[in-house]
Structures are given as C-alpha cells and as structure tokens.
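Engineer: all I have is the shape, not the residue letters:
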C-alpha cells in the first residue's frame, strides 16, 4: 500500500518507521496550516482526526502530531473529550494580538534598516511579484502570500526567535481576519508592501517604521464582525489540500 507520498507506508517489520511517521506528520501539518491561513478552514471548524486521516491517507497518530503542533502555534484548539477545531479568537484577544504584532514588527523594521542587503531586497521584491500575480484570484493564495511577506521580513533579520514569534502572530491575525474581517483588499496590501521595501532601502528608520505601523493599522481596520459567514464543507476542503501533498 502506498501513501500520499507515493511510497510504501510500512517498513520491513510491518510498521512505518519513525522518519516516515515524522514526514507524514510534517505534510499534514503544512497542508492544514495552509488551509487555515488561506481561510479555507475557518475559525471554529471541527478537525476530526479520522476524517483528516482518511483524506490524507495517513494514520491518526500522524494527524494528532500535526494538530499538537498547530495547537502550540495557537491556530488550533485541542479540547479534552471534544477533539480539535480551528481556533476562534475573541475581539479582546484580537486587540491584544494586534498590539503585540505592532511591537514585534517595529523591532523587525529597526533590525532590517541596519542590515538589509541587495540580496534581501531581491527576495522581498520576488515575493511581491508573487503577490501581484495572485491578485487576479482575489482569494486564498493572495491572503496567504500577504501574511508570508511579513514572515519573510522577520526571517531576514536572522533572529530565529523573532521569526518564530512573528510567524505565530501572523497566523493568529489570519484567524482574526477570517472571523471578523470585511472583504480582503489585496491590492492595497501589495502596494503597502512595496512602500515598506522602499523605506527599508532608504535606511530611514523613522519613515520605515511609520509605514509599517500604518500598514498594520490598515490591516487591523479590516477586523469587523461579520456574522453572515457560512461554514465550509470540510471534506471538500481536505480533499483539495490532500491533492497538494
């Protein structure tokens, strides 16, 4: 029997090896995280281990390990005797998260102004080109790339801790926007990202930080309660993302 990776799912002893289990769990983690950040799986959506395992052709153990990782990042809730679901941030949590994000990304800007080189600028510009190419779909890919721009900025500081914190807080902000936001405005975001790159190139810390904070304020303004959003068909979502594995 072959798994979603096109290889045998069992080892010589009849059981999957530790490395195979880890690899399967990594793929499930990556695809579920992608589905959540692209807002295909919305806050509150139940994540049944057996359903995920069936769609991704992996064991429930691999699914459980992936859910534990997502729980550690704050984008999945694990509840005793109730299973897992996509986290549902409250408005109070949303205000705290955006406040923390402003502080973290201001620190990212201060570090990058001093150290950003031409190779870093090229990576940022290439990412923006991907964002521009995704504008036509006005959907999941555009949403995810907008968040990943900020993660890339943090990674370019060279600080693993800062990159990890920004990665987690960007993920949580995606949940906030999925639950409360008005229509996503990717055109505005891409233009603002270009402005951030140019400000960093100018080595003007005050200007670069001001543009970043204005950009984050615009993102925060999109967080407005919308009670009319419908529940997705989780089987259809999982099937779509399983094909990406």
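Structural biologist: Happy to help now that I have it. Just so you know, these numbers come straight off a predicted model, no measurement behind them. Numbers count the residues shown, from 1 in each chain.

Engineer: lowest mean pLDDT among the helices and strands of this structure, which one is it?
Structural biologist: Ranked by mean pLDDT, DSSP states H and E, the weakest helix or strand in the chain is helix 234-242, scoring a mean of 73.

Engineer: and stretch 26-38, what's buried?
Structural biologist: 27-29, 31-38 (16 or more other CB atoms under 10 Å). Bear in mind the C-beta positions are built from the backbone N, C-alpha and C, glycine included.

Engineer: now that stretch, how far from the chain's geometric center?
Structural biologist: Chain-centre distance of stretch 26-38: 8 Å, with CA atoms, centre = their mean, to the nearest Å.

Engineer: pLDDT score for residue 200?
Structural biologist: pLDDT for residue 200: 95.

Engineer: just residue 38 next, same as before
Structural biologist: 84.

Engineer: can I assume it is in contact with residue 146?
Structural biologist: No: Residue 38 lies out of contact with residue 146 (CB atoms under 8 Å); the separation is 10.7 Å.

Engineer: coming back round to it: list the buried residues for the least confident helix or strand of the chain?
Structural biologist: Neighbour count says helix 234-242 has 234, 237-238, 241-242 buried, by 16+ other CB under 10 Å.

Engineer: any residues touching it, and which ones?
Structural biologist: Helix 234-242 has contacts (CB atoms under 8 Å, 6 or more residues apart in numbering) with 4, 31-32, 34-35, 40-41, 45-47, 51-52, 55-57.

Engineer: show me the helices in the protein, by range?
Structural biologist: Using DSSP state H, the helices of the chain run over residues 18-37, 49-56, 60-72, 91-115, 118-133, 140-155, 160-180, 186-201, 205-221, 234-242.

Engineer: relative orientation of the shortest one and helix 234-242 in degrees?
Structural biologist: Note on geometry: by axes from the mean of the first three to the mean of the last three CA atoms, to 10 degrees, helix 49-56 and helix 234-242 are set 40 degrees apart in direction.

Engineer: check the longest one too.
Structural biologist: For the pair helix 91-115 and helix 234-242, the angle between their directions (the same axes, to 10 degrees) equals 10 degrees.

Engineer: ok, and what's touching helix 91-115?
Structural biologist: 89, 120, 150, 153-154, 156-159, 162, 165-166, 169-170, 172-173, 176, 180, 196, 200, 203-205, 208-209, 212-213, 216, 219-220, 223, 225.
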